[in-house]
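J.: Next comes the sequence, and after it the predicted model I'd like to discuss.
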Amino acid sequence: MNSLPILKARNVHKQFADSSVLRGVHFELQAGQVHAVLGSNGAGKSVLMRIFSGILAPDHGQLLLDGKEHSFDDAGAARRAGIAMVHQELSLIPTMTVAENIFLTRWNDGWTRFVDEAAMMRAASALLARYHIELDPWQTVGALTRGQQQLLEIAKALSGKVRVLILDEPSANLTAAEVGLLYRTVKRLAAQGMAIIYITHRLRDVFEVCDQLSILRDGRIAHTLPVAATSAQAVLTLLTAQLSGASWPAVNVLADDAAPLLQLRQSDTQQAALSVRAGEIVGLSGSGASAMLEAIFGLQALHGYTLALSGKELHVRHPSEAIAHGLHLLPGDRRRAGLVLDLSVSENILLSLFDRLSSALLIDDARGQQIVTGLLRRLGLKTEDPGQQVRLLSGGHQQKVLMARALSTEGRILLLDEPGSGMDVQAQSVLWQIVRNYAAQGNAVLIASSDYAMLAALCDTCHLLADDGIGPPLAAATGQQALLRALHGTPCQP
Ligand SMILES: Nc1ncnc2c1ncn2[C@@H]1O[C@H](COP(=O)(O)OP(=O)(O)OP(=O)(O)O)[C@@H](O)[C@H]1O
């Protein structure tokens, strides 16, 4: 595949205020290629993609399409040239149908105010069939799963004449089954000749669907190589020289007879289905795992189970009650569920501490800043200015802000929903150490995730959640490999 690249970047530079993000990027993309772009949080992957898709203009450098230089005034110009991007954050309208969402932006350029609904449905059906995306055009988007919504975003991006499709972390926040659907769709698109840039932090994505990979570091593409010619270990080494081989502190389950800090009991039999003792990290995987965490936290009703904290049954009807009982939830979809984008890094971290830091309406600013600085240092969050708006941080750094907030509370039970989502491998390794330390101090952690490798490496016990409820504990005592096999062996996962 060494024909003329469909898209080429030559010496692209981009700077924001004093921060030079891209410093001479050279990049080539071929038709029919799925090209992974990797790099640590804040490396500039999204900025580069926003330049490719016309949202940002480069300070210097050229973009070439089919060998001819192009400059885009806006995203519309890039789309007309055949470049479409699916962003990390979904931009769907939940109350509208699949078809309406696909053609939403087209009403401005061609569709009149009087929409021929039947024609729109036919066009949506044809588009979905063409790309083998199994969605019902009449379905209301709010009723779709996160994975189906991700596929709909891809369908929406493909509704024009697209030759280059940019996917920014498309597998983040998807269940294992949904990730399988995504992989099949991406492979089919590439087989049809589409050129795809696939930004990800998951090595599994790279080895399942990509055929080329590039690593962005220090504002440049540091490595480009065919996926077939490398291994996961080699890529990890290229991504970071500092990975210390997953050396977490030893498991430190407190050997006492005290009741588990958190327990889910079958409502009918009162038998324990899932227990997290002080010092333990327990994983929960399968469709509905995130919803189960939300139910424990009082964000939705808990069906079929009752919650017991330190042996006492409790009906949590609201997150404020959960927090009062020492629970804290790190939500999976950081933008929608957790962060106030217009507030600063400090304000976001301290949101759950305002009660404790304020007395008689006066907020202890100095104490707050002390907490923030300490947490940011522990998490390796590179921002010189905690006063910076969270909106301007990269996705992975936003996740760290949420983690810092969770750690700032004095609760003893941490509920983590897809905690590593959007974080680079090095940041994840730091995060897992923090989680391990937190548990080792006598706290309890329950993690919902579809990342089996992480669950097997980090958890003391895992449970699979299927249609018939929470499965039996899969103990890590049998070894990580056995746990990994047990997680993969479930019939409810592909
Ligand atoms: N509009 C902006 N104004 C100021 N700084 C910005 C802006 N957009 C991005 N940045 C900065 O550029 C840097 C690169 O951000 P970018 O979102 O491209 O990172 P990334 O590689 O995609 O990271 P992640 O893996 O965490 O998503 C970050 O430090 C970010 O704060």
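T.: Cool, the structure landed. Computed from a predicted structure; not experimentally measured.
J.: residues from the stretch 351-494 of the chain in reach of the ligand?
T.: Leu392, Leu393, Ser394, Gly395, Gly396, His397, Gly422, Asp424 (Cβ under 6 Å from any ligand atom). For glycine as for every other residue, the C-beta is placed from the backbone atoms N, C-alpha and C.
J.: Burial check on the second one, number of neighbours?
T.: Residues lying near Leu393 (other Cβ atoms under 10 Å) number 22.
J.: same check, this time on the first one
T.: The local packing of Leu392 (other Cβ under 10 Å) involves 14 other residues.
J.: And the helices in the stretch 1-150 of the chain?
T.: With DSSP state H, counting those that start in this stretch as the criterion, the stretch 1-150 of the chain has helices at 45-52, 75-80, 98-103, 117-130, 146-157.
J.: which intervals of this protein have sub-threshold pLDDT?
T.: Applying pLDDT under 70 to the chain flags the ranges 1-2, 105-115, 240-258, 334-337, 352-364, 378-384, 475-494.
J.: domain ranges for it?
T.: Per automatic domain parsing, the structural domains of the chain span 7-239, 262-488.
J.: Quick one: end-to-end length of the first one, please.
T.: Pointing back at domain 7-239 there. 24 Å (Cα to Cα, to the nearest Å).
J.: and the residues of the stretch 351-494 of the chain next to the ligand, which of them are in helices?
T.: The members of those that map onto helices under DSSP state H are Gly395, Gly396, His397.
J.: Going by neighbour count, list what's buried in stretch 433-446.
T.: Using 16 or more other Cβ atoms under 10 Å as the test for burial, stretch 433-446 gives Gln433, Ile434, Val435, Arg436, Tyr438, Ala439, Ala440, Asn443, Ala444, Val445, Leu446.
J.: need the contact list for the closest residue in space to Ser320 that isn't next to it in sequence.
T.: Leaving aside its chain neighbours, Ser320 sits nearest to Gly298 (7.9 Å; criterion: Cβ to Cβ, 6 or more residues apart in numbering). The contact partners of Gly298, by Cβ atoms under 8 Å, 6 or more residues apart in numbering, come to Val316, Arg317, His318, Pro319, Ser320, Glu321, Ala322.
J.: related to what we said a few turns ago, may I see the helices of the stretch 1-150 of the chain arranged in JSON lines, with distance to the ligand and mean neighbour count as well?
T.: Listed next are these as JSON lines, based on distance: least, Cβ to the nearest ligand atom, whole Å; neighbours: other Cβ atoms under 10 Å:
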{"stretch": "helix 45-52", "distance to the ligand": "3", "mean neighbour count": "23"}
{"stretch": "helix 75-80", "distance to the ligand": "15", "mean neighbour count": "17"}
{"stretch": "helix 98-103", "distance to the ligand": "24", "mean neighbour count": "25"}
{"stretch": "helix 117-130", "distance to the ligand": "29", "mean neighbour count": "15"}
{"stretch": "helix 146-157", "distance to the ligand": "16", "mean neighbour count": "21"}
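J.: Count the residues that sit near the spatially closest residue to Arg79 that is not a sequence neighbour.
T.: Spatial nearest neighbour of Arg79, excluding adjacent residues (Cβ to Cβ, 6+ apart): Gly160 at 5.5 Å. Gly160: 15 surrounding residues under other Cβ under 10 Å.
J.: Specify the local secondary structure of Gly160.
T.: coil (DSSP: H, G, I helix; E, B strand; the rest coil).
J.: Now the phi/psi pair for it, please.
T.: phi -100, psi -160 (degrees, to the nearest 10).
J.: wait, doesn't it sit right on Ala84?
T.: Yes - counting by Cβ atoms under 8 Å, Ala84 is a contact partner of Gly160 at 6.6 Å.
J.: what sits against His35?
T.: Leu29, Ala195, Ile196, Ile197, Tyr198, Cys210, Asp211, Gln212, Leu213, Ser214.
J.: ok, back up a step: now the helices of the stretch 1-150 of the chain as TSV including distance to Gly24?
T.: Shown next, in TSV, are those (distance: least, Cβ to Cβ, whole Å):
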stretch	distance to Gly24
helix 45-52	12
helix 75-80	21
helix 98-103	38
helix 117-130	38
helix 146-157	28
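J.: quick one, which of those is nearest to Val34?
T.: Nearest to Val34 among the helices of the stretch 1-150 of the chain is helix 146-157; the distance by Cβ to Cβ comes to 13.0 Å.
J.: what's around His463, how many residues?
T.: 26.
J.: quick one: secondary structure of it?
T.: Applying three-state DSSP: His463 is strand.
J.: Settle this for me: it is touching Gly283, isn't it.
T.: Yes - using Cβ under 8 Å, His463 is in contact with Gly283, at 7.2 Å.
J.: still on that earlier bit, just send the contacts of Gly298 back as CSV, with secondary structure too.
T.: Formatted as CSV, those follow (three-state DSSP):
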residue, secondary structure
Val316, coil
Arg317, coil
His318, coil
Pro319, helix
Ser320, helix
Glu321, helix
Ala322, helix
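J.: Show me which of the residues you listed are buried.
T.: For these, buried by 16+ other Cβ under 10 Å: Val316, Pro319, Ala322.
J.: Let me know the distance separating the first one from the ligand.
T.: Val316 sits 32 Å away from the ligand, taking Cβ to the nearest ligand atom, to the nearest Å as the criterion.
J.: where along the stretch 101-250 of the chain do the strands fall?
T.: Remark: strands assigned in the stretch 101-250 of the chain by DSSP state E, counting those that start in this stretch are 164-168, 195-199, 212-217, 220-226.
J.: Describe which strands the first one pairs with in its sheet and in which direction.
T.: The strands that strand 164-168 pairs with in its sheet are strand 83-86 (parallel), strand 195-199 (parallel) (by DSSP bridges).
J.: how much distance is there from the longest one to the middle of the chain?
T.: Same thing as strand 195-199. 17 Å (Cα atoms, centre = their mean, to the nearest Å).
J.: Does Leu264 lie in a helix or a strand, and which?
T.: Assignment of secondary structure by DSSP states H and E places Leu264 within strand 262-266.
J.: how distant is that strand from the center of its chain?
T.: Distance of strand 262-266 from the chain centroid (Cα atoms, centre = their mean) equals 28 Å.
J.: from now on call the first residue 45
T.: Right, with 45 as the first residue, what we last looked at is strand 306-310.
J.: buried ones in it?
T.: Buried, per 16+ other Cβ under 10 Å, within strand 306-310: Leu306, Gln307, Leu308, Arg309.
J.: quick one: the last one from Thr219, how far?
T.: Here Arg309 is placed at a distance of 25 Å from Thr219 (Cβ to Cβ, to the nearest Å).
J.: swap in the third one?
T.: According to Cβ to Cβ, Leu308 stands 20 Å off from Thr219.
J.: Equivalent analysis for the second one, please.
T.: For Gln307, the distance to Thr219 (Cβ to Cβ) stands at 24 Å.
J.: just the first one next, same as before
T.: Going from Leu306 to Thr219 by Cβ to Cβ gives 22 Å.
J.: tally of neighbours for the closest residue in space to Gly439 that isn't next to it in sequence?
T.: Leaving aside its chain neighbours, Gly439 sits nearest to Gly466 (4.3 Å; criterion: Cβ to Cβ, 6+ apart). For Gly466, the count of nearby residues is 24 (other Cβ under 10 Å).
J.: How about the backbone phi and psi for Gly466?
T.: Per-residue torsions, Gly466: phi 80, psi 0 (degrees, to the nearest 10).
J.: Gly327 too?
T.: Backbone torsions of Gly327, given as degrees, to the nearest 10, read phi -100, psi 150.
J.: What's the local residue count around it?
T.: Gly327 has 28 nearby residues by other Cβ under 10 Å.
J.: Who does it form a beta bridge with?
T.: Residues in beta-bridge contact with Gly327 (DSSP bridges): Ile491, Cys506.
J.: which strands and helices sit next to the helix or strand hosting Ala352?
T.: According to DSSP H and E, Ala352 maps onto strand 349-353. Contact here means 3 or more Cβ pairs under 8 Å, 6 or more residues apart in numbering; DSSP states H and E; on that basis strand 349-353 packs against strand 306-310, strand 356-358.
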